[in-house]
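*Asks:* I would like to see how this sequence folds:
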Amino acid sequence: MFVSTYETALDAKGRVSVPAAFRAALGGSSRVFLWPAIDGSGCLEGGGDELMSVYRQTLSRMAPNNPKRRAFMHAIFTRSADLKMDETGRISIPSALLEAAGITKKLIFAGSFDRFHVWEPSRFEAFDAEMAATAQDNTDALDEPFQQLMSAGGLTAITGGGDV
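*Replies:* Predicted coordinates:
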């Protein structure tokens, strides 16, 4: 799981170190996929083989000629870069992706559960404020799923009785 935020910068050769916690969340794989986020937020979305597998499975369930399927396939697979981390966990993000995200030197890796995002810091700051306000205004959206989980046995239903 990708959690937390990490601010870093491109080095003199245009490489960036993927945060150690994110490398661990990739399960030991040295592959990282990045593409411009399809939600228009102006960041890069990324993950590893597991996330790409989820997208493959999801999109394969759509009719082959569905124009929405084609659009998602284009947005995710055609626009993505398949990057390999070096032995120290660095990647070189292609200039087209850096440009799409407005990144020139500094950047932020932000965890997002099963994926992560790479942000230009001022864009992230604005997005972070927007998301904090949205979450605060919609705390009731968690009520029903939380109540359903508690009715099913609470946390022990999903953790097998161990500590979270």
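
*Asks:* Which pLDDT value belongs to residue 111?
*Replies:* Per-residue pLDDT puts residue 111 at 98.

*Asks:* mind checking which helix or strand it is in?
*Replies:* strand 106-112 (DSSP states H and E).

*Asks:* Each with direction, which strands does that strand pair with?
*Replies:* If you go by DSSP bridges, strand 106-112 pairs up with strand 5-9 (antiparallel), strand 115-119 (antiparallel).

*Asks:* Which residues does that strand contact?
*Replies:* Outside of strand 106-112, the residues within contact range by CB atoms under 8 Å, 6 or more residues apart in numbering are 1-10, 16, 18-19, 21-22, 25, 43, 101, 116-121, 124. Where you see a C-beta, it was placed from the backbone N, CA and C, and this is true even at glycine.

*Asks:* Flag every buried residue along it.
*Replies:* Using 16 or more other CB atoms under 10 Å as the test for burial, strand 106-112 gives 107-111.

*Asks:* which residue ends up closest to the midpoint of this protein in space?
*Replies:* residue 116 (2.3 Å; CA atoms, centre = their mean).

*Asks:* ranges for the helices of this structure?
*Replies:* Ranges of helices in the chain, per DSSP state H, are 20-25, 49-60, 67-73, 95-100, 121-137, 143-151, 155-159.

*Asks:* Could you give the average pLDDT over the last one?
*Replies:* Helix 155-159 shows a mean pLDDT of 56.

*Asks:* now the first one
*Replies:* Taken as a whole, helix 20-25 has an average pLDDT of 97.

*Asks:* Can you name the residues in contact with that helix?
*Replies:* Helix 20-25 has contacts (CB under 8 Å, 6+ apart) with 1-4, 6, 48, 85, 89, 109, 111, 116.

*Asks:* Low-confidence bits of this structure, can you list those?
*Replies:* Residue ranges of the chain with pLDDT under 70: 154-164.

*Asks:* change it to 50
*Replies:* 164 (pLDDT under 50).

*Asks:* which one in this protein is furthest away from the centre?
*Replies:* Here the centre of the chain is the reference, and by CA atoms, centre = their mean the most remote residue is residue 151, at 30.7 Å.
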